[in-house]
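> Have a look at this prediction, sequence included:
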Amino acid sequence: MATTVVRQHVKAPRARVYRALLDAGDVARWMVPDGMSSHVHVFEPRVGGAFRISLTYETMEGQGKTTPHTDTHHGRFVALVPDREVVEVVEFESDDVSMRGKMTISISLADGAHGGTDVAAIHAGLPGGVSPADNETGWRMALAKLADLVEAGA
């Protein structure tokens, strides 16, 4: 089981970034790689709260984990430290055994050296069927969208 780590500096205060991590509308806008759209089915941002999200490829070329063109995952929030950290346990909904297994996503926020917020996203326990390189690329795209979102409203 692999782990990816992606870091992004954001020119916005930690409180604004933290809010974007826990707002269903914001999550639908930023936590999605390029070339996909997001649908948030359930989102209960509290410790023990559940979420379920589907990402759908915008072209027929993408290969989904849940259906031919969709990746659906569900999970729960296991730790929320205001303005500092969000930790989730996540599973893909898939019949493919190589895509099964619980993953842990930890997003940490720290004050940046020159202002703003340093974001670190650690995605641990990737199932064997998930390419770590592809996962890292998707997280880089998502964190860039997070930066755009919070910087516009900072």
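It's in. Predicted model, so just to flag it, every value in this text is computed and none were measured.

> Give me the next element, helix or strand, following the helix or strand encompassing residue 89.
Per DSSP states H and E: residue 89 is located in strand 85-92. Note on strand 85-92: by DSSP H and E, the next helix or strand toward the C-terminus is strand 103-111.

> So for that next one, mean pLDDT?
Strand 103-111 shows a mean pLDDT of 98.

> List the contacts of the residue nearest the centre of the chain.
What sits nearest the mean C-alpha location of the chain, by Cα atoms, centre = their mean, is residue 31, with 4.8 Å. Contacts for residue 31 (Cβ atoms under 8 Å, 6 or more residues apart in numbering) come out as 38, 53, 142, 145-146. Every C-beta, even on glycine, is put in place using the N, C-alpha and C of the backbone.

> any idea which of the residues you listed is closest to residue 6?
The closest of those to residue 6 turns out to be residue 142 (Cβ to Cβ; 8.5 Å).

> Residue 151 versus the residue lying closest to that closest one once chain neighbours are set aside, what's the distance?
Distances taken as Cβ to Cβ, 6 or more residues apart in numbering place residue 31 nearest to residue 142, at 5.1 Å, with adjacent residues excluded. The gap separating residue 31 from residue 151 is 16 Å, by Cβ to Cβ, to the nearest Å.

> Confirm that residue 141 sits in a helix.
Yes: checked against DSSP: H, G, I helix; E, B strand; the rest coil, residue 141 lies within a helix.

> what's the biggest strand by length in the chain packed up against?
As assigned by DSSP state E, the longest strand anywhere in the chain is strand 70-81. Contacts defined by 3 or more Cβ pairs under 8 Å, 6 or more residues apart in numbering; DSSP states H and E place strand 70-81 against strand 50-57, strand 85-92.

> Pull out the buried residues from the first one.
If I follow you right, that is strand 50-57. Residues 51, 53-57 are the ones in strand 50-57 that count as buried (16 or more other Cβ atoms under 10 Å).

> that older thread, for the longest strand of the chain, list the C-alpha coordinates in PDB.
The C-alpha atoms that make up strand 70-81 are tabulated as PDB, following Å, rounded to 0.1, in the frame of the first residue of the first chain:
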ATOM      1  CA  THR A  70     -17.000   7.300 -12.500                       C
ATOM      2  CA  ASP A  71     -15.000   7.000  -9.300                       C
ATOM      3  CA  THR A  72     -17.200   7.000  -6.200                       C
ATOM      4  CA  HIS A  73     -15.800   7.000  -2.700                       C
ATOM      5  CA  HIS A  74     -17.200   7.200   0.700                       C
ATOM      6  CA  GLY A  75     -15.800   7.600   4.200                       C
ATOM      7  CA  ARG A  76     -15.900   9.400   7.500                       C
ATOM      8  CA  PHE A  77     -14.200  12.200   9.200                       C
ATOM      9  CA  VAL A  78     -11.900  10.800  12.000                       C
ATOM     10  CA  ALA A  79     -10.200  14.000  13.200                       C
ATOM     11  CA  LEU A  80     -11.000  17.700  12.800                       C
ATOM     12  CA  VAL A  81      -8.600  20.200  14.400                       C
END
